[in-house]
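Peer 1: Task: produce atomic coordinates for the following.
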Amino acid sequence: MISDSEVPKKLSKNESIKENSDFLRGTILEGLADDSTGAISADDSQLTKFHGTYLQDDRDLRSERLKQKLGKAFSFMIRIRVPGGVCTPSQWLDVDRLSDEFADGTLKLTTRQAFQLHGVLKSNLKQTIKEINDTLLDTLAACGDVNRNVMCTPTPFESKVHAETLKLSKAISEHLSPQTTSYAEIWLDGERKVINQGEEVEPIYGKTYLPRKFKIAVAVPPRNDVDVFSNDLGFVAIVEDGEILGYNVLVGGGLGMTHGKDATYPRIADVIGFCTPDQVVQLSEEIVKIQRDYGDRSDRRHARLKYTIEDRGIEWFREELNHRLGRVLESAREVSFDATTDRYGWTQDHEDKWHCCLFVEGGRLRDADGVNAKSAIREIAKIHSGDFRLSPNQNLIVARVDDANKAEVEKILTEHGLSDPAKLSGLRLNSIACTALPTCGLALAESERYLPGLVDELEKVIDDLGIRDESIAIRSTGCPNGCGRPYLGEIGLVGKSPGKYNVYLGAGFDGGRLNKLYKPALTNDEIIEELTPVLKRYSDERESGERFGDFCIRAGYVKATVQVVDIGERLLYGSIIRDRIVIEESDGFLRFVFLKKVNLAFIHAYRVSFFIHSCLDNFQLCLGLIPNCPHEKSCGKH
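Peer 2: Reported below is the predicted structural model:
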């Protein structure tokens with residue numbers, strides 16, 4: 001457990017960049033004006049993330065350009081913030097036009113309900129961002145060490161409360177948006193706002209903002225399409241008789257990690273209490289401030305809220321939050337989820353409006369191979385009187401369609417070659433892939449360009465086994481940072497090196513359980529070879545209604561992981577074993593695996609109190625949970 005009296009560590013370089021940036025200005029304007037290069041300075045490339053854009057280059061071209069003694073083919077990715085994932089037809093048409101005029105002609109729908117434009121040249125960057133703002137969308141805080149796009153369940157046909165949760169998501173987003181005027185100055189030709197005798201103030205973030213990114217989601221049971229447990233902060237609506245009574249509060253989720261660095265790991269959020277709707281915005285601010293004040297600013301790979309909670313303990317966090325709120329959070333309410341998937345095809349809501357959920361493979365809308373998906377949505381937007389909703393699963397909902405327009409929407413989809421989701425396999429419909437190569441600088445392997453082909457091959461297997469319609473969540477990322485949420489996939493693929501992937505199995509289909517490493521560094525052929533017998537056994541031996549991830553645990557392919565506490569455990573995530581604890585679930589019991597001897601005060605810091613029934617240096621114990629930890633008694637049994 002961290003002591004406040006410990007000697008401060010050396011801050012990471014990004015902290016000095018932010019400190020000296022004059023509230024995110026840096027020398028961005030000067031860099032944009034420099035036409036001698038398609039890039040900007042390294043420091044400015046860190047600051048532009050806060051403005052919603054990343055400097056990238058086409059890695060497919062690196063080798064050939066090197067041979068020709070040319071520099072990298074630089075361009076920018078722009079991420080457009082869409083709180084709650086809802087945009088108007090007019091906004092869609094503008095973003096679609098910008099993707100053709102200034103980007104690579106495609107639209108990427110992200111796992112956080114945002115748009116991404118790829119391939120924007122520096123000379124077009126300012127104009128593109130300005131025109132995005134003209135649509136009443138923006139890119140501010142879509143990236144960077146701030147609160148990112150706030151997610152909200154996009155499925156209004158399942159509940160009357162969607163409008164309320166969408167409104168809440170937008171309120172949180174607006175409240176936590178950076179206040180610096182540098183965004184308007186740089187991209188919109190605005191004037192600097194001077195307050196407090198020349199000092200510009202960020203009332204929530206301060207001069208150096210957060211140690212790392214911060215993610216928030218609002219979920220409406222029974223569908224966990226936002227993967228609420230993977231967020232730094234989550235709100236789960238408690239609904240009775242069609243009314244939201246309040247929200248369960250979840251903290252400390254996050255999926256990013258680093259290969260070979262045992263201080264990094266995925267973690268699902270803890271449920272810490274309940275709040276009423278009018279308390280959500282204040283609570284969000286106070287939790288962000290706790291992370292601002294206590295997050296690790298020395299190591300960016302250990303800087304998320306999940307590590308702050310693991311280092312200091314969930315009880316410390318709850319007490320700190322209650323102190324700042326001036327009240328004690330109420331106890332969490334009972335609630336459950338059944339799935340993270342989208343509900344495809346046509347559905348009708350309580351207002352008799354129609355919603356059509358379309359599968360978008362890898363979240364990439366384009367016109368290619370006889371499927372003119374991007375053109376189809378453009379044509380729909382021209383006649384649509386409702387809205388569009390971006391799904392956390394990278395899909396798209398044409399929402400609030402009137403009866404009079406439903407047939408026309410169907411006609412446009414058919415004429416442009418879009419497949420009826422009912423004709424696609426359950427595996428494909430539950431697939432997610434991050435962008436990875438060629439533009440992501442962190443990618444170790446392919447993802448978006450790889451997963452569809454792998455699914456093609458696996459479909460041959462599941463077709464032969466008669467399980468084509470079974471919903472199996474498969475998720476892929478080109479590196480371990482987790483943008484495609486692979487650690488919550490029943491089958492998770494994480495790029496290890498070119499053409500090789502760590503394969504994980506056993507996540508919960510409801511998003512409440514992490515998966516576990518099954519086989520490391522497999523090639524495509526080896527993935528097929530390893531998964532085929534698992535799928536066959538699932539076909540032959542599954543129980544009624546049993547999910548694939550649950551079967552993988554029952555059949556013994558992996559053990560269930562409820563939570564990973566400060567892990568580095570090789571069997572889980574490929575790192576070096578240290579003084580670590582792994583929490584597993586078996587036969588209804590929580591099992592703590594202590595990989596080396598740890599003292600009881602250390603154990604007490606990690607969220608649970610329990611009786612210990614053995615004392616060994618290297619051991620595995622069954623633990624019965626009790627309300628209060630009596631470790632201070634030192635009686636030898638606790």
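
Peer 1: and stretch 298-305, which residues are buried?
Peer 2: 299-305 (16 or more other CB atoms under 10 Å). Using the backbone N, CA and C atoms, a C-beta is placed for each residue, glycine as well.

Peer 1: nearest to Ser539, of those residues?
Peer 2: Taking CB to CB as the measure, Ser539 sits nearest to Arg304 out of those, at 38.7 Å.

Peer 1: May I have the residues that are in contact with that closest one?
Peer 2: 211-213, 232, 254, 256, 295 (CB atoms under 8 Å, 6 or more residues apart in numbering).

Peer 1: Is it possible to get JSON lines of the buried residues of stretch 298-305 that adds secondary structure?
Peer 2: What follows is the buried residues of stretch 298-305, written out as JSON lines (DSSP: H, G, I helix; E, B strand; the rest coil):
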{"residue": "Asp299", "secondary structure": "coil"}
{"residue": "Arg300", "secondary structure": "helix"}
{"residue": "Arg301", "secondary structure": "helix"}
{"residue": "His302", "secondary structure": "helix"}
{"residue": "Ala303", "secondary structure": "coil"}
{"residue": "Arg304", "secondary structure": "coil"}
{"residue": "Leu305", "secondary structure": "helix"}
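
Peer 1: Just give me the closest of those residues to Glu490.
Peer 2: Within the buried residues of stretch 298-305, proximity to Glu490 (CB to CB) peaks at Arg304, which comes in at 24.2 Å.

Peer 1: any idea of the pLDDT on that closest one?
Peer 2: At Arg304, the pLDDT value in this model is 98.

Peer 1: Just read off the phi/psi values of Asp138.
Peer 2: Asp138 has phi and psi values of phi -150, psi 180 when expressed as degrees, to the nearest 10.

Peer 1: pLDDT weak spots in the stretch 1-150 of the chain?
Peer 2: Low-confidence segments of the stretch 1-150 of the chain (pLDDT under 70): 1-7.

Peer 1: let's see it at 90
Peer 2: 1-9 (pLDDT under 90).

Peer 1: Keep only those of the contacts of Arg304 that are in strands.
Peer 2: Judged by DSSP state E, strands contain none of those.

Peer 1: Adding distance to Arg79, write those residues out as CSV.
Peer 2: Putting those into CSV (distance: CB to CB, whole Å) gives the following:
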residue, distance to Arg79
Pro211, 20
Arg212, 17
Lys213, 12
Asp232, 18
Gly254, 18
Gly256, 17
Gly295, 22
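
Peer 1: the strands in the stretch 51-200 of the chain, which residues?
Peer 2: In the stretch 51-200 of the chain, the strands defined using DSSP state E, counting those that start in this stretch lie at 53-57, 74-80, 86-87, 107-109, 115-120, 151-152.

Peer 1: before we move on, what about the stretch 351-500 of the chain?
Peer 2: Along the stretch 351-500 of the chain, counting by DSSP E, counting those that start in this stretch, strands occupy 354-358, 364-365, 367-368, 371-372, 387-390, 396-401, 431-433, 474-477, 491-497, 500-505.

Peer 1: Tell me which other helices or strands the third one touches.
Peer 2: If I follow you right, that is strand 367-368. helix 373-383 (3 or more CB pairs under 8 Å, 6 or more residues apart in numbering; DSSP states H and E).

Peer 1: Surely Gly386 and Asp403 touch.
Peer 2: No - at 11.8 Å, Gly386 and Asp403 do not qualify as touching, with contact defined as CB atoms under 8 Å.

Peer 1: okay, the two: which has more neighbours?
Peer 2: Higher neighbour count among Gly386 and Asp403: Gly386, with 19 against 10, using other CB atoms under 10 Å.

Peer 1: Quick one: mean pLDDT for the strand or helix carrying Lys289?
Peer 2: Using DSSP states H and E, Lys289 falls within helix 280-294. Mean pLDDT, helix 280-294: 98.

Peer 1: Check which residues of that helix are buried.
Peer 2: Using 16+ other CB under 10 Å as the test for burial, helix 280-294 gives 280, 283-292, 294.

Peer 1: do stretch 40-60 as well
Peer 2: By neighbour count with 16+ other CB under 10 Å, stretch 40-60 contains the buried residues 40-41, 43-59.

Peer 1: Look up how far Leu121 lies from the closest residue to Ser41 other than its chain neighbours.
Peer 2: Spatial nearest neighbour of Ser41, chain neighbours left out: Gly31 (5.8 Å); criterion: CB to CB, 6 or more residues apart in numbering. Separation of Gly31 from Leu121 (CB to CB, to the nearest Å): 14 Å.

Peer 1: neighbour count winner among those two?
Peer 2: Using other CB under 10 Å as the criterion, Gly31 and Leu121 rank with Gly31 on top: 19 against 14.

Peer 1: Quick check: next helix or strand after the helix or strand harbouring the more buried one?
Peer 2: According to DSSP H and E, Gly31 maps onto helix 28-33. In the C-terminal direction, the helix or strand that comes right after helix 28-33 (DSSP H and E) is helix 42-47.

Peer 1: I'd like to check what contacts that next one. Which residues are they?
Peer 2: 14, 17-18, 21, 24-28, 31, 39, 54-55.

Peer 1: Looking at these, spot the one nearest Ala422.
Peer 2: Closest to Ala422, out of all of the contacts of helix 42-47 and judged by CB to CB, is Tyr54, at 36.9 Å.

Peer 1: In this structure the closest one contacts Ile40, no?
Peer 2: No - the pair Tyr54 / Ile40 is not scored as a contact, 10.8 Å apart, by CB under 8 Å.

Peer 1: Give me the common contacts of these two.
Peer 2: Common neighbours of Tyr54 and Ile40, using CB under 8 Å, 6+ apart, are Thr48.

Peer 1: follow-up on the earlier one: Provide a PyMOL selection command restricted to the buried entries of the contacts of helix 42-47.
Peer 2: This is how PyMOL selects the buried members of these, with burial counted by 16+ other CB under 10 Å:
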select buried, resi 14+17+18+21+24+25+26+27+28+31+39+54+55
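
Peer 1: In a markdown table: the contacts of helix 42-47, plus distance to Ile412.
Peer 2: Listed next are the contacts of helix 42-47 as a markdown table, based on distance: CB to CB, whole Å:
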| residue | distance to Ile412 |
| --- | --- |
| Asn14 | 46 |
| Ile17 | 47 |
| Lys18 | 47 |
| Ser21 | 46 |
| Leu24 | 42 |
| Arg25 | 45 |
| Gly26 | 45 |
| Thr27 | 47 |
| Ile28 | 41 |
| Gly31 | 43 |
| Ala39 | 41 |
| Tyr54 | 33 |
| Leu55 | 37 |
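
Peer 1: May I ask which two of the contacts of helix 42-47 are separated the most?
Peer 2: Farthest pair in these, by CB to CB: Lys18 and Ala39, 20.3 Å.
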